[in-house]
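>>> Here's my sequence, what's the structure:
(chains A, B, C, D, E and F)
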Protein chains: 6
Amino acid sequence: MVSIDTASPAVYPFVAIVGQETLKQSLILNVVNPGLSGVLIRGEKGTAKSTAVRALADLLPEIAVVEGDPFQSDPADPRGMAPEVRARFAAGEALPVRRRKVRVVELPISATEDRVVGTLDLETALKEGRKTIEPGLLAAANRGLLYVDEVNLLDDHVVDVLLDSAAMGVNTIEREGISFSHPARFTLIGTMNPEEGDLRPQLLDRFGLCVQVEGLTTPAERVEVVKRRAAYEDDPDAFAARWAEETAQLRDKVAAAIALCPQVTASDAILFAIAERALKLGVDGHRSDIVMLKAAKALAAWGGREEVTPADVERAAALALPHRMRRKPFEEILGPHAA
Amino acid sequence: MVSIDTASPAVYPFVAIVGQETLKQSLILNVVNPGLSGVLIRGEKGTAKSTAVRALADLLPEIAVVEGDPFQSDPADPRGMAPEVRARFAAGEALPVRRRKVRVVELPISATEDRVVGTLDLETALKEGRKTIEPGLLAAANRGLLYVDEVNLLDDHVVDVLLDSAAMGVNTIEREGISFSHPARFTLIGTMNPEEGDLRPQLLDRFGLCVQVEGLTTPAERVEVVKRRAAYEDDPDAFAARWAEETAQLRDKVAAAIALCPQVTASDAILFAIAERALKLGVDGHRSDIVMLKAAKALAAWGGREEVTPADVERAAALALPHRMRRKPFEEILGPHAA
Amino acid sequence: MVSIDTASPAVYPFVAIVGQETLKQSLILNVVNPGLSGVLIRGEKGTAKSTAVRALADLLPEIAVVEGDPFQSDPADPRGMAPEVRARFAAGEALPVRRRKVRVVELPISATEDRVVGTLDLETALKEGRKTIEPGLLAAANRGLLYVDEVNLLDDHVVDVLLDSAAMGVNTIEREGISFSHPARFTLIGTMNPEEGDLRPQLLDRFGLCVQVEGLTTPAERVEVVKRRAAYEDDPDAFAARWAEETAQLRDKVAAAIALCPQVTASDAILFAIAERALKLGVDGHRSDIVMLKAAKALAAWGGREEVTPADVERAAALALPHRMRRKPFEEILGPHAA
Amino acid sequence: MVSIDTASPAVYPFVAIVGQETLKQSLILNVVNPGLSGVLIRGEKGTAKSTAVRALADLLPEIAVVEGDPFQSDPADPRGMAPEVRARFAAGEALPVRRRKVRVVELPISATEDRVVGTLDLETALKEGRKTIEPGLLAAANRGLLYVDEVNLLDDHVVDVLLDSAAMGVNTIEREGISFSHPARFTLIGTMNPEEGDLRPQLLDRFGLCVQVEGLTTPAERVEVVKRRAAYEDDPDAFAARWAEETAQLRDKVAAAIALCPQVTASDAILFAIAERALKLGVDGHRSDIVMLKAAKALAAWGGREEVTPADVERAAALALPHRMRRKPFEEILGPHAA
Amino acid sequence: MVSIDTASPAVYPFVAIVGQETLKQSLILNVVNPGLSGVLIRGEKGTAKSTAVRALADLLPEIAVVEGDPFQSDPADPRGMAPEVRARFAAGEALPVRRRKVRVVELPISATEDRVVGTLDLETALKEGRKTIEPGLLAAANRGLLYVDEVNLLDDHVVDVLLDSAAMGVNTIEREGISFSHPARFTLIGTMNPEEGDLRPQLLDRFGLCVQVEGLTTPAERVEVVKRRAAYEDDPDAFAARWAEETAQLRDKVAAAIALCPQVTASDAILFAIAERALKLGVDGHRSDIVMLKAAKALAAWGGREEVTPADVERAAALALPHRMRRKPFEEILGPHAA
Amino acid sequence: MVSIDTASPAVYPFVAIVGQETLKQSLILNVVNPGLSGVLIRGEKGTAKSTAVRALADLLPEIAVVEGDPFQSDPADPRGMAPEVRARFAAGEALPVRRRKVRVVELPISATEDRVVGTLDLETALKEGRKTIEPGLLAAANRGLLYVDEVNLLDDHVVDVLLDSAAMGVNTIEREGISFSHPARFTLIGTMNPEEGDLRPQLLDRFGLCVQVEGLTTPAERVEVVKRRAAYEDDPDAFAARWAEETAQLRDKVAAAIALCPQVTASDAILFAIAERALKLGVDGHRSDIVMLKAAKALAAWGGREEVTPADVERAAALALPHRMRRKPFEEILGPHAA
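As a prediction, this is how the structure comes out:
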């Protein structure tokens, strides 16, 4: 993708967001454990949902990618390579490597399927036996985060494509008998205002976690929001600089948790606690249990622990279960202390 | 079809799926007897429906195909050959043969009619008198399984095409006065979440069997699901290796049942039992009786028997009748012990 | 139309269909008297509707056609010739003649108007003064049977075209000021499942006859259906061979009735009986009377008689009246003994 | 328009239609006085509506047209000429004249606006300053009858075009800044089955007359219909020959009435009777009065009289008023003796 | 616009329209004062609405236009010139002037936006730096009347364009980054039948005046309508000749009123009477007051007076207020004596 | 954008608008503080909404732009430059500067996405590596005001695009893998008539302020409106000249407030008053608080004060809160003295 970005001002720092702890935690857990299948953020308008997702970019770790490869191939893992890179790797070529931050790619709700999936230049493909690919957003999002604002207004057709790729970790571009696949593993982050219509259950279930965001309710917090926002709008770079140290500390904590997470273990007692909780609340299917386990492990890693505790499970359940429960109004289930 | 697949990790093993015996049996019966006209799997989200279908690929037998033929022509049967292959066969050519596994082809719900049926390059056809065919998914699915996830959301137009091909065993590509036919015999496997709308009766009837899948309800089972899933996600290949022996045993049992099935017989008493059951339950038409007979024979073969027993009929009825009954809610009919 | 068919297995023999006498009779009457304007077959799914129509092909008589003419021109009747053939005939050319069976042409419900009507190559037509026609399904169906499965789901636009051609016996291809007409006389056979929506009255009326098909209700019949179906699926050719003699006898009887039909007469008493029946039942218009007369004559011919009897009228009324009656539910009118 | 028609059999003779006197009269009145603005024929299916309109062609008088002109220009009246013909006429050219019957042009309900209005070849028009016109159905219908079967199902867009041309007597083809007009005076004849939806009032009002057709209700009449229809279908040409003399007499009577009609006068008492009738029945607007006067004059001419009588007015009112009355159900207004 | 009109017969004379004084007055007032923003004519079918508008053309004054300019540029006012003409004017060129009648341009309800607005030949514009404009109906209507029959059925998109141009007095053609503007001041005249749906309030308000037309209710008037209409249809030119003198007198009176109108004044008492009337009737916004003032001035000029009288205001209110009142049924407001 | 405007007459002066103080103030506050995120003007038809917005253009300050740059790049701030300009700036080029007024760009409700966003000439981009951009309305509106009349009727797709750009201050043109961004900071001004449907909450919230406009209710005011309007229509330039001095004074006051605004401060007490007000009224999210603060500062600057007062907050709340309150009818909230 040829792209010349406008020199943008510094984004609002994640650490400067007032309150909204659940929202912030759900995002960080997905960074700590990318296997969590993303998060759906539901909430009224004007509650820092988009600000938080965009701010998250600043906390993300670095990864190694193959230089010049539009599919973000992993230079260390043939399975995480696009076909052409894998062929070069198989041929013994020393792949050029670049380290860069994990990316947040935004999917506009007006995006067409071609834009999301990518396209093939058929003529060249058929005549010259050479595939000319125009990679799509799913190529850009590989090994990163894919953010969809107002995900409940997304075109059904594009939703199908997203779900397919998310489930398989692979995106396939098909045009009249030609088929091209590349890795497409990404963490899906969606925001939505429930006033404007809800998601269908099939799509809800694909989000590992779900949080409900509400406006702050104490004058002191609101004044703090206004002060910080005004300061930021006045001079974004100066404001970001003021929060630079806190940001750096959080970034280090995230990196430590990412490193620790694969080593976290859960006892059988913990696993049974997870299963019983899901059964008691009457969720559909088993995805909830797996997500609870992953979230609990990420919480343990975040806490610097190598063992999941019952408190981790309780917290994980609050993030993983409500949107998977049958036939009850969402608000009733979450209760006043959930968010 | 030109295709370069990403080196995918091992799929989740069929034998490692916890519970869901009816689901697994219905899939195996369709492998044992491809004349069963497929199975519709209905169930809530997150209940291993897709996992089971994808895992099935590992258990499928080998077949002989004509090398390089996109229509999977059968080298031993002129009726199962595409026109060009049949012409070569008729001309006495020794056809190159390749043995490979039966395939599971996925039909994405966003697939267009062209993609499913295939297309004709009209210009070449008219000018050079030579047909240039771009085969579709029905060519790829010939002699295999065709899997449609969320089949209830499929475009009506594509449904028509599927039903026509399924009924006739032939797919016809027609474009402005030119017509090309090739064999298209496949087992149709559909999954759906009834929360998102049901199928119309005409389409329901085309599925030989129908099973209802529900989530597991004991903590021990759920813990087992989570443990296995976590182990699989951790290292797919190692996990698959752990289940390799059990997988091999099941594959052998499937192969034995496939071989035995054509020899299974049913007495007249069995046939009358089938007819009376259909009449008593008030199903539409006669397809139910034929399917029950076929399913009962497959069950007998699976049990290593050469004769259908009343128990086979009872089991077959539970799989073949409920979705063909008139005007009663599905759940009521199946009852709690059906799934 | 360039067409290379797959070598298909033998179709299920008409004479091997168990029960469904009304359905079979309505089809045969249309073969005996092509002036009957077709038949609409209504019935639940899985009741041999399509099987019977496809099997009918085997019983059809031979006709003489002009060799190589895509419009099936009649070599003996200038009015039944396409323009080009008529011109050659008028010029005194000896037309090449071929005898072949009357055809059953299937119209898929996804067919476009172009596919049905045919198209004109305008450029050639305008520049070289030469018409290049791509004939459609109505050309192929001329002097034959046109079969539409699920006729109630057909696109309105295509329905209009069918009705126009059926009424006039002529199909006209019009494109930007150029107009080409050819004979298009065909017997329209439609099947439908009333569960999926009904036809509008205008279209109902165009079908000469209408029959209601229901599933068989005795175990013995159903067992027979299953036995025959299983035998057929096992080896279609062997099964067809077993019924070959009965098929030949029926074919001869059909041929005899076709020959006799034009000589059958009806007395004035018969005509009054027809008119009174229509008036008593309150049908719309007069098409019912004419169809009853034609059906009664076909029934007489089928019975080897040269004179219509009151019993013929009674039988004809059961086939021709119910779908033309005003404002009463169809089922109530037909009654339990009609099918 | 390049057109090669199939040699069609003789149409069913107008004089052989049993009963339906109102229908036949309304058609003849429109031939006698083309200023009557057509007739709308409403009625149940199968009641000879289309047969009568098509049969009418046989009774139509001859007119003189300019040879080779697709717009049917009147060689005697510059205002009835297409632009090119008028230019030749103005230049003093002796126009070639041909006498032929007034035509009945059918407008299929699937006709597009281009087909109805005609098109312009813009490139030639702009580059060479020369207009290349592809005339449409309104060109063919000029000075003739335009017949629309199922007029209530016509596309709204085409209805607009018809109404505009009918009101102005001119058809205008406009494409990107170029405009071409030609005379388009025609009698609009529409048939419809009210079961399938009614016309909007604006369109109803454009039809001068409106008749309601019902099926015949005596057995004797119905037997006669069947006898004649069967004889016609048996041998159309012989049947037409049998009615040739009666047809010739009617044709002569029509010609005489056409000649007499312009001389028929109406007294002031007659005019007041017309106005009072319209006021009493509460019709919208004044078109009804003018149509009543014209219909009454045509009736007088048909009766060989030079003066309109009160009986003529009464008959004219029955044909011109019912469809213009406000807010009352059509059937109630017409009453049982109107048709 | 290249245009070759058919030599049309004389239109029905304005002065020969029987009754309908309000309708006729509202049209004349718009000619006398083109600042009145048009008139909406509501009424049942067949009430001379279209006849009156078309007849109005005959009474319109002459204006001076720049010869050969498709935008009707005013040779005396640079602000009323199209860009090219203004450039020539600015360069000191002596513009060729032609005097011709103000035009009535009809906008067919099937007109596309391109047809209304006009188009740009982009290729020429970009390559040669030269704008090639295909002017639309708004160019033709500049400084004239734009007539829309069935204005309530007009496409929303075209309505937007009309309203924009009407409000600004300018039409802008925009295509991919190129923008061309020309003056488009016109009086909008719409007719509609309220039975077929009403206008939305935003559009209603744009019409300066609104009149309700009903059929004549005395036999004498209706007889007169029929007599005149019959005479007109018999020989349009002779009929027009008979009314020529009356037409000439009216034309002179119109011209005198046009000349007088700019000098008419209104006292403060008159202005307060206007404001109080609007407030009392609860109309939305202030457009009503301005329109009342203009209409009252036009009425004074029509009456040959230089000062507005209270009677003028009363009459103006009846024309300008009813369609601007809130939430009350139209008919109730107008009352029986308004039309 | 190539553009040749018609020499337009002077617009109606802002200072000559009678009454409507809230409307006028909300517009001026947005000029004083462009960070206010625009204003939504709701009101019945004919209440000077559009007049006021168009008149505002006259009061706007001058800004410096890079000469010839279609994106209105700021020559003093690299972040406010389009990519090409920034590259020249980075290369040390002395950018040509022009001072001109801030612009009001109108977005017609029929505008397509291409027209709003702009397009890319892909062929040139891919072949020559050179981007050829056709800038859209968002380019023209950068650093200015974007006015949408009838904003509630805007196409959903375009609304999305507007919201995205408004939120990010950047517009991105994307076409098949190519992406081009440019600054797009603008003040969004929308007008709407609530009778024709309301905005969805998500869009409502994006407007910083919202005012309700109603018609004037004293005769004296209405007479003044009519007098001024009549005078303006009579001679726009003379009328504008009469108000020139008052306009100049207002323009100076606006300039002074713009200069003062950045220096205005708000005490903590003021900030708490803002937060408590929002909490008490139950608005969604926090955008309300920030907008109240900005509006209060603009009000202070307008009043020549450097410190926000409680009265400023009260006034700001009336403009910023009502449209953000939950679930209550708009009118009830505003109360009679709000507008």
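>>> residue of the stretch 1-150 of chain A with the smallest distance to chain C?
residue A:113 (22.5 Å; CB to the nearest CB). All C-beta atoms are positioned from the backbone trio N, CA, C, and that covers glycine.
>>> Can you verify my assumption that that residue contacts residue B:110?
Yes: with contact defined as CB atoms under 8 Å, residue A:113 reaches residue B:110; the gap is 7.3 Å.
>>> Can you pick out the residue with more neighbours from those two?
Remark: of residue A:113 and residue B:110, residue B:110 carries more neighbours, 19 against 15, as counted by other CB atoms under 10 Å in any protein chain shown.
>>> Ramachandran coordinates for the more buried one?
Phi and psi for residue B:110, reported as degrees, to the nearest 10, are phi -90, psi 10.
>>> That one reaches residue A:159, doesn't it?
No: using CB under 8 Å, residue B:110 makes no contact with residue A:159, being 9.9 Å away.
>>> related to what we said a few turns ago, hey, what's in contact with both of residue A:113 and residue B:110?
Here residue A:113 and residue B:110 have A:157, A:161 as joint contacts, going by CB atoms under 8 Å, 6 or more residues apart in numbering or on different chains.
>>> got the contact list for the residue nearest the centre of chain A?
In chain A, the centroid-proximal residue (CA atoms, centre = their mean) is residue A:187; its distance is 3.2 Å. Residue A:187 sits next to A:30, A:31, A:34, A:36, A:37, A:38, A:144, A:145, A:146 when contact means CB under 8 Å, 6+ apart.
>>> ranges for the strands of the stretch 151-300 of chain A?
For the stretch 151-300 of chain A, the strands defined by DSSP state E, counting those that start in this stretch cover A:170-175, A:178-183, A:186-192, A:209-213.
>>> any chance of the ones you listed in a markdown table, plus mean pLDDT?
Listed next are the strands of the stretch 151-300 of chain A as a markdown table, based on pLDDT from 0 to 100:
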| stretch | mean pLDDT |
| --- | --- |
| strand A:170-175 | 80 |
| strand A:178-183 | 81 |
| strand A:186-192 | 92 |
| strand A:209-213 | 93 |
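>>> Setting the sequence-adjacent residues aside, check what's closest to the residue in chain A that chain B sits nearest to.
Among the residues of chain A, residue A:285 lies closest to chain B, at 2.1 Å counting by CB to the nearest CB. Nearest residue to residue A:285, sequence neighbours excluded (CB to CB, 6 or more residues apart in numbering or on different chains): residue B:46, at 2.1 Å.
>>> Look at that neighbour and give its secondary structure.
Following DSSP: H, G, I helix; E, B strand; the rest coil, residue B:46 is assigned to coil.
>>> ok, now which ones touch it?
Contacts for residue B:46 (CB under 8 Å, 6+ apart) come out as A:205, A:284, A:285, A:286, A:287, A:288, A:324, B:215.
>>> need those residues in CSV with neighbour count and distance to residue A:198, can you?
CSV is the format used below for these (neighbours: other CB atoms under 10 Å in any protein chain shown; distance: CB to CB, whole Å):
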residue, neighbour count, distance to residue A:198
A:205, 24, 13
A:284, 22, 16
A:285, 23, 19
A:286, 21, 23
A:287, 24, 19
A:288, 29, 19
A:324, 24, 14
B:215, 25, 22
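>>> Let's have those in CSV, adding distance to residue A:10 and pLDDT.
As requested, the contacts of residue B:46 are exported to CSV (distance: CB to CB, whole Å; pLDDT from 0 to 100):
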residue, distance to residue A:10, pLDDT
A:205, 37, 83
A:284, 43, 76
A:285, 42, 80
A:286, 43, 83
A:287, 38, 87
A:288, 38, 89
A:324, 38, 84
B:215, 47, 84
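>>> If we only consider these, which is nearest to residue A:307?
Ranked by distance to residue A:307 (CB to CB), the contacts of residue B:46 are led by residue A:288 at 21.7 Å.
>>> so the closest one sits right up against residue A:320, yeah?
Yes: counting by CB under 8 Å, residue A:288 does reach residue A:320; the two are 5.7 Å apart.
>>> where are the low-confidence patches of the stretch 51-200 of chain A?
Along the stretch 51-200 of chain A, segments meeting pLDDT under 70 span A:121-131, A:175-178.
>>> Next to chain B, which bits of it? Give me the list.
Residues of the stretch 51-200 of chain A lying near chain B by CB under 8 Å from any CB of the partner chain: A:78-79, A:82-83, A:86, A:113, A:125, A:157, A:160-161, A:164, A:167, A:170, A:174, A:176-183, A:200.
>>> and with 7 Å instead?
With CB under 7 Å from any CB of the partner chain as the criterion, the stretch 51-200 of chain A meets chain B at residues A:78-79, A:83, A:86, A:157, A:160-161, A:164, A:170, A:174, A:176-183, A:200.
>>> Weed out the non-buried ones from those.
For these, a burial check counting by 16 or more other CB atoms under 10 Å in any protein chain shown picks out A:83, A:86, A:160-161, A:164, A:170, A:174, A:176-178, A:180-183, A:200.
>>> sorry, back to before: ok, so what distance separates the residue of the stretch 1-150 of chain A closest to chain C from residue A:137?
Using CB to CB, to the nearest Å, one obtains 11 Å as the distance from residue A:113 to residue A:137.
>>> residues shared between the contacts of those two?
Common contacts of residue A:113 and residue A:137, defined by CB atoms under 7 Å, 6 or more residues apart in numbering or on different chains, are absent altogether.
>>> Spell out the residue ranges of the helices in the stretch 101-250 of chain A.
Under the criterion DSSP state H, counting those that start in this stretch, helices of the stretch 101-250 of chain A are mapped to A:113-117, A:122-128, A:137-141, A:156-168, A:201-206, A:219-234, A:236-242, A:244-260.
>>> Which one of those helices lies nearest to residue E:61?
Proximity to residue E:61 (CB to CB) singles out helix A:113-117 among those, at 58.0 Å.
>>> ok, back up a step: so the residue of chain A closest to chain B makes contact with residue B:45?
Yes: at 5.3 Å, residue A:285 counts as touching residue B:45 under the criterion of CB atoms under 7 Å.
>>> Chain D contacts on the stretch 201-339 of chain A?
Close to chain D, as judged by CB under 7 Å from any CB, the stretch 201-339 of chain A has no residues.
>>> Tell me both backbone torsions, phi and psi, for residue A:88.
Note on residue A:88: its backbone torsions stand at phi -60, psi -40 [degrees, to the nearest 10].
>>> so what's the spatially closest residue to it that is not a sequence neighbour up against?
Take residue A:88 and drop its neighbours on the chain: the residue closest to it by CB to CB, 6+ apart is residue A:95, 6.5 Å away. Going by CB under 7 Å, 6+ apart, residue A:95 touches A:66, A:75, A:85, A:88, A:89.
>>> May I have the secondary structure class of residue A:95?
The three-state assignment at residue A:95 reads coil, by three-state DSSP.
>>> Just the closest residue of the stretch 151-300 of chain A to chain F, please.
At 3.6 Å from chain F, residue A:222 is the closest residue in the stretch 151-300 of chain A, using CB to the nearest CB.
>>> close enough to count as contact, that residue and residue F:273?
No: taking CB under 7 Å as the definition, residue A:222 is not a contact partner of residue F:273, at 11.1 Å.
>>> ok, these two, which is more surrounded?
Higher neighbour count among residue A:222 and residue F:273: residue A:222, with 26 against 20, using other CB under 10 Å.
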